[in-house]
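Trainee: Below are the sequence and a predicted model; questions follow.
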Amino acid sequence: MLAAIYAINALFNIIYTLVLIDVFASWIPFLYSKRVIAKILYMIHSLIEPFLSPIRKLMAKTPFGGMPLDFSPVILLILLNVLRNIILTILMLVF
């Protein structure tokens, strides 16, 4: 039981970290000039994009959709935290 809680928490931490790496890498464009780093960053982006895409589509329908800043990673991080708390609370109550 405790191992499952740790595993789920670790999974959410990994996703959280990948989102942050993707955001910070988008601010530093010269990282993509190095071949190995660019491949790693592209892989991270391709893993995170399926989570961000639906949020971007929903935000496009709101008044915030035309803003020059992309707040979808922030919303994703908030949703991940809420989902993690819900799942871990349910697991702790069940076991």
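Mentor: Structure received. Numbers count the residues shown, from 1 in each chain.

Trainee: Remind me which helix or strand the residue nearest the centre of the chain belongs to.
Mentor: Per Cα atoms, centre = their mean, the C-alpha nearest to the average position across the chain is that of Val19, at 3.7 Å. If you go by DSSP states H and E, Val19 is part of helix 2-27.

Trainee: next structured bit after that helix?
Mentor: helix 35-60.

Trainee: gap between the helix or strand just after that following helix and the chain center?
Mentor: The helix or strand immediately downstream of helix 35-60 is helix 72-94, counting by DSSP H and E. Relative to its chain's centre, helix 72-94 lies at 12 Å (Cα atoms, centre = their mean, to the nearest Å).

Trainee: If you compare the directions of helix 72-94 and helix 35-60, what angle comes out?
Mentor: On the basis of axes from the mean of the first three to the mean of the last three Cα atoms, to 10 degrees, helix 72-94 is oriented at 80 degrees to helix 35-60.

Trainee: now what about helix 72-94, what contacts it?
Mentor: 1, 4-5, 8-9, 12, 15-16, 19-20, 22-23, 51-52, 55-56, 59 (Cβ atoms under 8 Å, 6 or more residues apart in numbering). For glycine as for every other residue, the C-beta is placed from the backbone atoms N, C-alpha and C.
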